[in-house]
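Student: make a model of this:
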Amino acid sequence: MKKGQLGFLTGTHAVNDLYQGAIPAMLPFLMSERHYSYAAVSGLAFAASGVSSLFQPLFGVLSDRRPRSWLVPAGFITAALGVVAAGLSGNYLTTWLCVALAGIGIAAYHPPATSQARAAGGSSQKAMSVFSVGGTVGGAVAPTLVTLVIGSSGFDGSYLLAVPALVMAVLWGLKGPWMRWRGHVEAAPLVTGGSVRQADEMRQTDDWRAFGRLVAVIIGWSIPFVTVTSLVSLHAQRELGQSTAAGAAVLTSYTAAGAFGTLLGGWVGDRYGRMTSVRAGYLVALPALIGIAWAPTFPILVASAVVFGAAMFVPFAAQVTLAQDYLPHRPGTASGLTLGLAMAAGGLCSPAFGWLADSSGLRSAFYALLLVFVIPVALALRLPDRVLDASEASTPEQVEATNSTGAQ
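Tutor: Got it, this is the predicted structure:
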């Protein structure tokens, strides 16, 4: 494990996902100051997560073909630009386009950064959970940062939200010791030794059928994740009569719990197997979502949101490494599809739950969400594991070892 590289990449993940978390944190302010409806703010959630998710597989394919490490800083800088511009914009269409731009930046970041983190961390579930928790921490910090900036300065102070991205961009440009890694898994492995037949056999090990089942599970994961993220603070304010600060607090608690869940999932995966973390996470998340929908008081809502946030991220690192092991020679594509296209479902469905909330109330929207979530829970219990052997390795170091053996 290359701890310096992994730590630096974890920092970039925190910055990138800070802007992903900033968008739902801005929604209550947009509703109060610009008088947007539930459907309108759900449309912004789609612009952030849906558009991002549609673009992410493209960036995954590009990062498999040849190394494009520059997409990492370009991604979080573009995300920052979009969020700042959305705060400074004057009408809904411009705001939507700016949020979509932020989503594209977020999409550009994830495939190359995830592949580099997998290479730096090796096969450890704990290493991938550390990288993943960087994003969760960034998302958890976002509501507090947005509340401090916009709550005190209004949307005119949105430019201050760009500071974290600028600081990280400077660190990236300095090319310190944390940047000196020798290899990564951004590109599909090129077999330079051995026969063409051996190379063909290696390429045949991608398990698209199992990968498709995993994508179906993550689609079902993304719908409640995105919807709860965009509506839970509004639930606290509109249904339970809490303040804007209290709404931000429940959102922060929800996302911060995800950091704990991610680390817990990495520990469980290394100790008891990653399928244990996948199944346990989904089984605990289901009753927690019931608590969010039913919550008659603010403390119950907070407790349910914390449990739900933690449980939803227990399987997260395992799902990422499982996807890359289902497609060992297309790690960027695997990351792009699981973190991207599958997540598009959450953004695409978010406006539908917003319209339901407008017409029937937020509780009805959450109960409908609960019915949808039963499906991925059932599917997750039947996912197969896959343990790669040496012939299926995809990192440059493993491929080099395989080639050397063939040459001997």
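Student: just list the residues touching the residue nearest to Phe131 when sequence neighbours are not counted, thanks.
Tutor: Residue nearest to Phe131 in three dimensions, not counting chain neighbours: Ala117, with 3.9 Å by CB to CB, 6 or more residues apart in numbering. Where you see a C-beta, it was placed from the backbone N, CA and C, and this is true even at glycine. Contact analysis of Ala117 by CB atoms under 8 Å, 6 or more residues apart in numbering lists Leu6, Leu9, Thr10, His13, Ala127, Met128, Phe131.
Student: do the same with Ala259
Tutor: Contacts of Ala259 (CB under 8 Å, 6+ apart): Val133, Thr136, Val137, Ala140, Phe313.
Student: quick one: which of the contacts of Ala117 is most hemmed in?
Tutor: Met128 (29 neighbours; other CB atoms under 10 Å).
Student: distance of that one relative to Gly173?
Tutor: For Met128, the distance to Gly173 (CB to CB, to the nearest Å) stands at 26 Å.
Student: also Phe373?
Tutor: Going from Phe373 to Gly173 by CB to CB gives 43 Å.
Student: same question for Ala210.
Tutor: For Ala210, the distance to Gly173 equals 40 Å [CB to CB].
Student: when the two are compared, which one has more neighbours?
Tutor: Legend: neighbour count by other CB under 10 Å for Ala210 and Gly173, higher for Ala210 (18 against 10).
Student: look up how far Leu18 lies from Ala357.
Tutor: With CB to CB as the criterion, Ala357 and Leu18 are 26 Å apart.
Student: report all helices and strands that the longest helix that the chain contains contacts.
Tutor: In the chain, taking DSSP state H as the definition, the longest helix is helix 3-34. Helix 3-34 makes packing contacts with helix 38-45, helix 71-88, helix 92-121, helix 125-153, helix 163-174, helix 208-234, helix 244-272 when contacts are defined by 3 or more CB pairs under 8 Å, 6 or more residues apart in numbering; DSSP states H and E.
Student: from memory Cys98 sits against Thr78, does it?
Tutor: No. Cys98 is not in contact with Thr78 according to CB atoms under 8 Å; the separation is 10.9 Å.
Student: mean pLDDT and distance to Arg363 added to the helices and strands packed on helix 3-34, as JSON lines?
Tutor: Shown next, in JSON lines, are the helices and strands packed on helix 3-34 (pLDDT from 0 to 100; distance: least, CB to CB, whole Å):
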{"stretch": "helix 38-45", "mean pLDDT": "82", "distance to Arg363": "13"}
{"stretch": "helix 71-88", "mean pLDDT": "92", "distance to Arg363": "29"}
{"stretch": "helix 92-121", "mean pLDDT": "86", "distance to Arg363": "27"}
{"stretch": "helix 125-153", "mean pLDDT": "84", "distance to Arg363": "22"}
{"stretch": "helix 163-174", "mean pLDDT": "91", "distance to Arg363": "36"}
{"stretch": "helix 208-234", "mean pLDDT": "89", "distance to Arg363": "11"}
{"stretch": "helix 244-272", "mean pLDDT": "87", "distance to Arg363": "15"}
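Student: as JSON lines, these with distance to Thr321 would be great.
Tutor: Below are these laid out as JSON lines (distance: least, CB to CB, whole Å):
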{"stretch": "helix 38-45", "distance to Thr321": "28"}
{"stretch": "helix 71-88", "distance to Thr321": "19"}
{"stretch": "helix 92-121", "distance to Thr321": "7"}
{"stretch": "helix 125-153", "distance to Thr321": "5"}
{"stretch": "helix 163-174", "distance to Thr321": "25"}
{"stretch": "helix 208-234", "distance to Thr321": "11"}
{"stretch": "helix 244-272", "distance to Thr321": "8"}
